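Undergrad: Next comes the sequence, and after it the predicted model I'd like to discuss.
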Amino acid sequence: MLRIEARGLTKEFKSYKSRSGLMGAFRDLFSRNYMNIKAVDAIDLAINEGEMVGYIGENGAGKSTTIKMLTGILKPSSGFLRVNGMDPHRERENFVKTIGVVFGQRSQLWWDIAVQESFTLLKKVYRVSDAHYKRHMEHVIDVLDIEDLLARPVRKLSLGQRMRCELAAALIHNPPLLFLDEPTIGLDVLVKLKIRDFLKEMNKEYGTTVLLTTHDLSDIEALCSRVIMLDEGKVIYDGELNKLKEQMGSKKAVFVDFPYPVSLEKLESVTFGLPVSWSQIHPMQYRGVFRSEDLSVSHLLEAIIPSFEVTDLSIETMSTEEVVRKIYEEGFAHV
Amino acid sequence: MHYLSLFWYYMKQYFKSRMEYRTDLLNGIFSDLIFQTTNLVFILVVFQHTAFLEGWNKNEILFIYGFFLVPYAVFGTFFNLWNFQEKYIIKGEMDRVLTRPAHNLFQVMLETMDPPSLLGAITGMVIMGYSAFDMGMEIAWYDPFIFLGLVVSAALVYGGVYTGIAAIGFFSDSKTGITPMIWNIQNYGRYPVNIYNKVIKFILTWILPFAFVGVYPASYFLKKEEFAFYLYLTPVIGIVFFFLGITIWNIGVKNYRGAGS
Amino acid sequence: MFSMYVEMIRIRFLMMLAYRVNYYSGIAVYSINIGAYYFLWNAIYGDKVTMGGLTALQMVTYVSISWMARAFYFNNIDQEMAQEVKEGKVAIELIRPYHYLATKIMQAMGEGIFRFLFFSLPGMIIITFIFPIQYPSGFSIWGWYGISLLFSFFINTQINLITGLLTFFFYNNEGIMRAKRVLVDLFSGLILPISLYPEWAQAILNYLPFQAISYLPGMIFTGGIQGEQIFLSLGQQFLWILLLWIPIGMLWWQAKKNLVIQGG
């Protein structure tokens, strides 16, 4: 069963450009230069029950806007959207009973009162029965290890403690679909691990579908088998994380140090014909990037050594982090 | 029924969290009281120098002011929307509200509820009681019910106007400064509308109907026949403006653009 | 040293300019209030000629000029101080090479100049078109009024410093500050000229600094105070400026001591 199904989902924002100067400001009072910005541009999504999907992209790529449409906060400008078989914005009040949402930068809990009180209130809001609450939440509280925090007011919790409570709060009604927007932002490694374990546990136990946006790709590597990458409102990759890495993971970077300044042209001329691209770090250090299938380090050195003296050499395999950054910077075609 | 129990729960939470900030609570009550007294002092001082204000005597003006405070207190308790744009739109709290299964305006109202405002109703009733006693007003057995109906109608007028104004926040990402303007216009409603010129009287009756939160309903008890028509219109205006406010709000929610991030 | 404070005035002025939209609605609010009191006073006067020594025309002038003067002297530096105390920013302010209170006064000054140029002046012009206003005829009256207005700015700002400094002792004095705002409006003569109050109340108000904020300059402008009385009023205002430094000094001294003990 499809949890999320979107075809041609689009969100346009009308925005205006201010004219400059006093005269411009005056003209703006009467007519504005409107322009439409497509924050999300005709994307298609199909996410199955029980999947854990990473939704990544640069700031401003349209991730948050998508999440807000999927959760019923924003009304799509056009396109077809069904989440849990419903139209999120139109059937909002019914729909949101079937999802859980965690916004990393925003608290779901009431600041001044004890965590337990917030839970009780949310239980009321979502009309969860006592028996169901007990059965389900005892487990959640246990796995997240927040038993001791329940009596404390939210404002006295550390960020990590609060985030665990936020997660528990989003799951009070045991929703089959969970949206997490930057859930690990600013958290230390131990808390991150705890949260990841918890999400895996929920996924295994209840088959909870998870859509996760994050800047921390290690979250995605640990949790998601599938990633969807967004750029300028369009989906530029949708598939297995492993494949993404395979396509680029074989890239290597080699740093070569020379005892004297070397020009880029000279270096390029001695390695002419080899599939390597050089960039200058400074005149005495260069970085060469190549695919390990195409070229070996020893071949490269054989080409350089006769012409230059080499004082140091280091080799790096590109991390997922770098791979993704490279995609952000250069687009998919270059990879 | 569900909404009623939710209301009760929020109410309990409110008091639990307020108890932590008792001084805030006292501060609020104290400054409300001072504000109400200031207006009272104005009326009392003015009537030391004159016996009538456009045909209304001191007790009648006091009675209108007392009445004016009661629906305002009811409204202030439930529609504490003054900082709506800042808190919910600019800071993005609306996102959270929209992911919860209850009507969004209802949630915002419950979250911002301000029960201490209700004390203003006591001040108002004391002022009304004093002036009614002083002028020897006769009160029929059904008058308390009519009073209740008029108060609810007047509170709906407020609710409608300010819900509509708050909804402007959905369309603009910076402060518009409209609310303080309306709030100051509302204070025109404390006095009989016949002291104003025709344009202002028209505005206070049909456009920003703040004459329906003070003079018109209070004229029932003061037996001022000249306002009888408007008196009977009070519940109608209350309901019409309330629905207008909700409609603008709902359009606003459709247009909600989300916070910046 | 001095140029630093001038810079503070300038910065605040620019800040206000950046938020100028707020002031369009501000002018509207003040006009709405003046309008309300215009009708109210006309109804109150009915067919009486004078009340508290003012004719109906003088009263309308008094109300208008007082509100526009309020636009100039009014500021929220006490709220800002309270905010800084609560957020712990005061400790940082104290290690900076300037006098904290002087800084606050300069900021208020920058705000005041902005409000005077962009609010009081245009507001007054708008009001002139709507309501009958009687401007003073003599050039000297304008001059004395100007001085009196400047004095009222200082007195109001000093009172704000006092309520602001109370935050150091009560932590949460939001209520005191809000009450002060309403009381200053009432006792300064903005809402009611002091001469209308009953004798006993006038006697008390005479010994309070509030009337020096709005009533005295307002009366100078409308001609309710004339001749030598003007100098007496200015002297009275000046005396209050001097006197108010005493509680401010004491509170500040105590506040600094508290701050050191609590460690900010």
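TA: Alright, I've got the coordinates.
Undergrad: Least confident secondary structure element in chain C?
TA: helix C:90-95 (a mean of 73; mean pLDDT, DSSP states H and E).
Undergrad: Return the set of buried residues in it.
TA: residue C:90 (16 or more other Cβ atoms under 10 Å in any protein chain shown). (Each C-beta comes from the backbone N, C-alpha and C, glycine too.)
Undergrad: and what of stretch A:301-309?
TA: A:303-304, A:308.
Undergrad: so can I have TSV of those residues showing pLDDT, secondary structure and distance to residue B:75?
TA: Shown next, in TSV, are the buried residues of stretch A:301-309 (pLDDT from 0 to 100; DSSP: H, G, I helix; E, B strand; the rest coil; distance: Cβ to Cβ, whole Å):
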residue	pLDDT	secondary structure	distance to residue B:75
A:303	85	helix	82
A:304	86	helix	81
A:308	86	coil	82
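Undergrad: between those, which is nearest residue A:258?
TA: residue A:308 (5.7 Å; Cβ to Cβ).
Undergrad: OK, contacts around that closest one?
TA: A:258, A:262, A:267, A:270 (Cβ atoms under 8 Å, 6 or more residues apart in numbering or on different chains).
Undergrad: buried subset of those residues?
TA: Buried among these (16+ other Cβ under 10 Å): A:258, A:262, A:267.
Undergrad: for the last one, what are its contacts?
TA: What it means is residue A:267. Counting by Cβ under 8 Å, 6+ apart, residue A:267 has contacts A:278, A:286, A:304, A:308.
Undergrad: Is it correct that it falls within a strand?
TA: No: Residue A:267 is assigned helix when assessed by DSSP: H, G, I helix; E, B strand; the rest coil, not a strand.
Undergrad: where does it land on pLDDT?
TA: Looking at residue A:267, its pLDDT stands at 86.
Undergrad: What of the first one?
TA: For residue A:258, the pLDDT comes out at 90.
Undergrad: what's the answer for the second one, then?
TA: According to the predicted model, the pLDDT of residue A:262 comes to 87.
Undergrad: phi, psi of it?
TA: Note on residue A:262: backbone dihedrals following degrees, to the nearest 10 are phi -130, psi 140.
Undergrad: and the gap between the spatially most central residue of chain C and residue B:4?
TA: When Cα atoms, centre = their mean is applied to chain C, the residue found nearest the centroid is residue C:73 (3.5 Å). From residue C:73 over to residue B:4 the distance is 49 Å, taken as Cβ to Cβ, to the nearest Å.
Undergrad: in the chain, which segments are predicted with low confidence?
TA: All of this is about chain A. A:16-32, A:247-250, A:318-323, A:326, A:328-335 (pLDDT under 70).
Undergrad: should've been chain C
TA: In chain C (pLDDT under 70), the answer is C:1, C:18-22, C:171, C:259-264.
Undergrad: And the lengthiest helix in chain B, what's buried?
TA: In chain B, assigned by DSSP state H, the helix with the most residues is helix B:228-255. Neighbour-count burial for helix B:228-255, counted by 16+ other Cβ under 10 Å, picks out B:230-231, B:233-235, B:237-238, B:241-242, B:245-246, B:248-249, B:252-253.
Undergrad: who touches residue A:279 in this structure?
TA: Counting by Cβ under 8 Å, 6+ apart, residue A:279 has contacts A:286-289.
Undergrad: likewise residue A:14?
TA: A:34-37.
Undergrad: give me the element it is part of.
TA: Secondary structure from DSSP states H and E places residue A:14 in strand A:2-17.
Undergrad: Okay, angle between that strand and helix B:228-255 too, please.
TA: Using axes from the mean of the first three to the mean of the last three Cα atoms, to 10 degrees, the inter-axis angle of strand A:2-17 relative to helix B:228-255 is 110 degrees.
Undergrad: can you give me the strands for chain A?
TA: Per DSSP state E, chain A carries strands over the ranges A:2-17, A:33-48, A:52-57, A:78-83, A:99-103, A:177-181, A:209-213, A:226-231, A:234-240, A:251-257, A:277-282, A:285-291, A:312-317.
Undergrad: Just want the angle from the first one to strand A:177-181.
TA: Relative orientation of strand A:2-17 with respect to strand A:177-181: 30 degrees, computed using the same axes, to 10 degrees.
Undergrad: How far away from the center of its chain is strand A:2-17?
TA: Centroid displacement of strand A:2-17 relative to its chain, using Cα atoms, centre = their mean, to the nearest Å, is 18 Å.
Undergrad: How about that strand, which residues are buried there?
TA: Applying a neighbour-count criterion of 16+ other Cβ under 10 Å, the buried positions in strand A:2-17 are A:2-6, A:9-11.
Undergrad: who touches whatever residue of the stretch 151-261 of chain B ends up closest to chain A in this structure?
TA: Residue nearest to chain A within the stretch 151-261 of chain B: residue B:258 (5.1 Å; Cβ to the nearest Cβ). Residues in contact with residue B:258 (Cβ under 8 Å, 6+ apart) are A:64-65, A:68, A:73-74, B:92, B:94-95.
Undergrad: Kindly report the residues of the stretch 151-261 of chain B close to chain C.
TA: B:174-178, B:180-181, B:184-185, B:187-188, B:191, B:195-197, B:200 (Cβ under 8 Å from any Cβ of the partner chain).
Undergrad: If any of these are buried, give me the ChimeraX selection for them.
TA: Of those, the buried ones can be selected in ChimeraX as follows, counting by 16+ other Cβ under 10 Å:
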select /B:175,176,178,180,181,184,185,188,191,195,196,200
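Undergrad: And the furthest pair within the residues of the stretch 151-261 of chain B next to chain C?
TA: Across those, the two lying at the largest distance from each other (Cβ to Cβ) are B:174 and B:195, at 36.5 Å.
Undergrad: Helix or strand: which one has the residue of the stretch 151-264 of chain C found nearest chain B?
TA: Of all residues in the stretch 151-264 of chain C, residue C:175 sits closest to chain B, at 2.7 Å by Cβ to the nearest Cβ. Per DSSP H and E, residue C:175 falls inside helix C:174-187.
Undergrad: Convert the C-alpha atoms of the helix or strand following that helix to PDB, please.
TA: Downstream of helix C:174-187, the next assigned helix or strand under DSSP H and E is helix C:199-205. Extracted C-alpha coordinates of helix C:199-205, given in PDB (Å, rounded to 0.1, in the frame of the first residue of the first chain):
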ATOM      1  CA  GLU C 199      -9.200  70.800  44.600                       C
ATOM      2  CA  TRP C 200      -7.900  68.100  46.900                       C
ATOM      3  CA  ALA C 201      -6.600  66.100  43.900                       C
ATOM      4  CA  GLN C 202      -5.000  69.100  42.400                       C
ATOM      5  CA  ALA C 203      -3.200  69.800  45.700                       C
ATOM      6  CA  ILE C 204      -1.700  66.300  45.600                       C
ATOM      7  CA  LEU C 205      -0.900  66.300  41.900                       C
END
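Undergrad: roughly how far is helix C:199-205 from the heart of the chain?
TA: Worked out by Cα atoms, centre = their mean, helix C:199-205 lies 21 Å from the chain centre.
Undergrad: What residues of that helix count as buried?
TA: residue C:205.
Undergrad: what's the longest helix along chain C packed up against?
TA: Counting residues, the longest helix in chain C under DSSP H turns out to be helix C:228-262. For helix C:228-262, the helices and strands in contact under the criterion 3 or more Cβ pairs under 8 Å, 6 or more residues apart in numbering or on different chains; DSSP states H and E are helix C:90-95, helix C:139-165, helix C:167-170, helix C:215-222.
Undergrad: which of the residues in it are buried?
TA: C:230, C:233-234, C:237-238, C:240-241, C:244, C:248, C:251-252, C:255.
Undergrad: Distance to residue A:317 for those residues - can I get that in JSON lines?
TA: Converted to JSON lines, those look like this (distance: Cβ to Cβ, whole Å):
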{"residue": "C:230", "distance to residue A:317": "87"}
{"residue": "C:233", "distance to residue A:317": "84"}
{"residue": "C:234", "distance to residue A:317": "82"}
{"residue": "C:237", "distance to residue A:317": "79"}
{"residue": "C:238", "distance to residue A:317": "79"}
{"residue": "C:240", "distance to residue A:317": "77"}
{"residue": "C:241", "distance to residue A:317": "74"}
{"residue": "C:244", "distance to residue A:317": "72"}
{"residue": "C:248", "distance to residue A:317": "67"}
{"residue": "C:251", "distance to residue A:317": "66"}
{"residue": "C:252", "distance to residue A:317": "63"}
{"residue": "C:255", "distance to residue A:317": "60"}
